[in-house]
Structures are given as structure tokens and as C-alpha cells.
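Engineer: below: sequence and its predicted model.
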Amino acid sequence: MSEIGGSGSENKRIGTRGQAIKDRAKKSWKVLLLLLILFLVLYYPIGMFMVNNIEDDVNFMPTEENSVPGGSHAVDMMAGLIDREINQNRWTANDPFFMPSAALDNMPNYQQGIISALARFGFELTDQIGRTRGSSQTDPDLQEAAGLLQYSGTKWSWDPTISLMPTATSEQQYEKARKSLINYNRRLADGKAVFERRADNLIATLDRISLDLGSSTAAIDRHIEQNISSFLDFESDDLFYGIKGQAYGYYMLMTALGQDYESLIKEKELTNAWAQMLSSLKSVVELDPLIVVNGGPDSQILPNHLAAQGFYVLRARTQLQEISNILLK
């Protein structure tokens, strides 16, 4: 009987020990699950906060790596802005879903707005400023840079819509464009490339930029008209920051281009007009609402930040056209 009793006690102890192990395992799984939930809850907000950076410093200067003494100031600025947005900052427009920055929308639109301005200017640099006449050969470095800057900003290293194999990322293409721009500027400094400082080249460039800004004001007008009655408008900030980035890109380029065409601007007595145009673009850049609101244009309570932005963009466009008219005389 004692043996049976002893065996029963042993089985009870084993059962108790097994239950304790199960309880500890269950508790451990609960802790791990809680930690996982906590990680997921904090991962995106903290990651977004750390990455988000709408860098709109109007006093930005290209680094020594991107500047070529004796080259074009505008080309220096192009290379510097590309380097800043893809190497110094994080390029966020193509981040996959598992990166916290993928949940950002203002910064990606802002960065793509900057690149869109550089891409437009890159075409004009290739077709107008970077060659002697329209019938002359285009510069190979400028042509390559202009083409690369047209590459979509949302391409990650794997895009099944294009290929099942790894593809070139947006950053890789823009980096190639930056190197082509620097190479052109070095050849320009050595007297082996062209940078025309004639009035007709500048007029053509300003007219194209004016048209690009006109497209932006049309997009603002269309969005306000179609969404004016929407209680929640989650696309207003996308458009707002895209145009803000575009205006910033043009502000920085026009500031640098003013140095390249300093003699012509003084000769045509355009110093004040050029400064006013820059001031209008700067006003677009400086608009920085906490929340972008697409209220009624006549609203007494809710503002319309897109309408305010459109006013300054339209004023800058008008001033660009005035400069072109003066250059024609």
C-alpha cells in the first residue's frame, strides 16, 4: 500500500510540475505577444518621426563634392539637391510596406516635387542652355542626366510589374544623374562643354518653367473644384507638398541660375524683377500649415491652404513671364 501511495504522490508531483511548466509557457507566450503588439504599435510612429524631414532650407549650399569651380552654379545646385535627398536624407517615395517611412506621404511627395523641378530644368539644360544652337549636338552627360531624372521615384529594388528580377531603384538612377551632371560641369570648367548665356536660351528656359508652374495651378484649381464639399480630403496634403517641393526646387535653381546669368540680368536691368520672382517662389516654400485644409475659398472658419499656395505660384509664374518679355526687348 505504501508503494501505491508513494507512486500516487510522485504522479501528483509530476502533474503539478507539468502544469507549472505549461502555465509558465502560456505566460511567456502572452508576454511575447504583448511585446510584439507593442513593437508594431511603436515601430511605425517612431520610425516615421525619425525619418520625416521636409528640408526646405532656402540657404542650402551644395557640398564641395557636388560643386565644380568654374562650372555652372545651377548644375552645382542640381547635383547638391539630388545628393541631399537620396544620400544625406532617406529617399522615402519607394520604401516598401515593411519600412515605417512607407506610411509617410508628405515627405515622399515633397521629394518627388523637387526631382520633378530638376527633371524639367534638366531638359531645358540639354535642349537650350547646354548646346550652342538647336541644330547642334546635345551634350551626352546632360542628355543622360535628363533621362535618368525622369525615372519614377517609386521604384524599389524589386518591382514585379516590370520584372521578377531585381531592378534599378530610384536612388540608383538619380545617383547616376548626379554623377553625369558633375562630369558635365567639370568639362564645362575645362572649356570642353557648352553653357550658353544668351538671352534667347534663358527665355526658352523660363517659359518652360512658367508652363510647368501653370500646370500646378491648374491641378490646384481642379482639386479644389472637385473636393470642395468633401468633409475629409486625404489628397490635399499630397498635392500641397508636391507643389511645395516643386517650388523649392525652382527657387534654388533660379537663385543659382541668377548667378550664371548675372551679367545678362544686370544688362537688362532685371535685378529687381528677378528678386521679386524669387520672393514669390520663397513664399510658396514657406507655407507650412500643421494640417493642410481644403476649406471653401470664402470660408469664415476653415482656410484653404491650396488656394493660398496657388496664389503665390501664379504670382511667380506671372513674374517669370514678365522677365521673359523684358528679355525680348
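Structural biologist: Alright, I've got the coordinates. Numbers count the residues shown, from 1 in each chain.

Engineer: backbone torsions only: list them for residue 304.
Structural biologist: phi -120, psi 100 (degrees, to the nearest 10).

Engineer: who does it form a beta bridge with?
Structural biologist: Assessed by DSSP bridges, residue 304 has beta-bridge partners residue 294.

Engineer: that one reaches residue 294, doesn't it?
Structural biologist: Yes: between residue 304 and residue 294 there is a contact under CB atoms under 8 Å: 6.0 Å. For glycine as for every other residue, the C-beta is placed from the backbone atoms N, C-alpha and C.

Engineer: now the most centrally placed residue in the chain. Nearest residue, chain neighbours left out?
Structural biologist: Using CA atoms, centre = their mean, the residue of the chain that lies closest to the mean C-alpha position is residue 111, 0.6 Å off. Among residues not flanking residue 111 along the chain, residue 85 sits closest, at 5.3 Å (CB to CB, 6 or more residues apart in numbering).

Engineer: ok, now residue 257?
Structural biologist: In space, residue 257 is closest to residue 74, 4.6 Å off (CB to CB, 6+ apart).

Engineer: name the SS class of that neighbour, please.
Structural biologist: Here residue 74 is helix, with the state taken from DSSP: H, G, I helix; E, B strand; the rest coil.

Engineer: hang on, it packs against residue 124?
Structural biologist: No: counting by CB under 8 Å, residue 74 does not reach residue 124; the two are 10.1 Å apart.

Engineer: and those two? which has more neighbours close in?
Structural biologist: residue 74 (25 against 22; other CB atoms under 10 Å).

Engineer: tell me the contacts of the more buried one?
Structural biologist: Taking CB atoms under 8 Å, 6 or more residues apart in numbering, we find residue 74 in contact with 121, 125, 253, 256, 257, 259, 260.

Engineer: cool, and residue 72?
Structural biologist: 185, 188, 195, 256, 260.

Engineer: could you do residue 115 as well?
Structural biologist: Contacts of residue 115 by CB under 8 Å, 6+ apart are 82, 85, 149, 153, 174, 245, 249.

Engineer: name the nearest of these relative to residue 209.
Structural biologist: Nearest to residue 209 among the contacts of residue 115 is residue 249, at 10.1 Å by CB to CB.

Engineer: average model confidence for stretch 169-182?
Structural biologist: In this model, stretch 169-182 has a mean pLDDT of 97.

Engineer: ok, and for that stretch, which residues are buried?
Structural biologist: For stretch 169-182, a neighbour-count test (16 or more other CB atoms under 10 Å) marks 169-171, 173-182 as buried.

Engineer: and stretch 268-285, by the same measure?
Structural biologist: By 16+ other CB under 10 Å, the buried positions in stretch 268-285 come out as 268, 270, 273, 274, 277, 278, 280, 281, 282, 283, 284, 285.

Engineer: next, format the contacts of residue 115 as JSON lines and append secondary structure and distance to residue 62.
Structural biologist: Output for those, formatted as JSON lines (DSSP: H, G, I helix; E, B strand; the rest coil; distance: CB to CB, whole Å):
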{"residue": "82", "secondary structure": "helix", "distance to residue 62": "10"}
{"residue": "85", "secondary structure": "helix", "distance to residue 62": "12"}
{"residue": "149", "secondary structure": "coil", "distance to residue 62": "16"}
{"residue": "153", "secondary structure": "coil", "distance to residue 62": "21"}
{"residue": "174", "secondary structure": "helix", "distance to residue 62": "15"}
{"residue": "245", "secondary structure": "helix", "distance to residue 62": "18"}
{"residue": "249", "secondary structure": "helix", "distance to residue 62": "14"}
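
Engineer: just these: which has the poorest pLDDT?
Structural biologist: Minimum pLDDT across the contacts of residue 115 falls on residue 153, with 93.

Engineer: ok, so what distance separates that residue from residue 107?
Structural biologist: Taken as CB to CB, to the nearest Å, the spacing of residue 153 relative to residue 107 amounts to 12 Å.

Engineer: what ranges does the stretch 201-329 of the chain have for its helices?
Structural biologist: 236-260, 262-267, 271-286, 305-328 (DSSP state H, counting those that start in this stretch).

Engineer: relative to helix 305-328, how tilted is the longest one?
Structural biologist: What it means is helix 236-260. 20 degrees (axes from the mean of the first three to the mean of the last three CA atoms, to 10 degrees).
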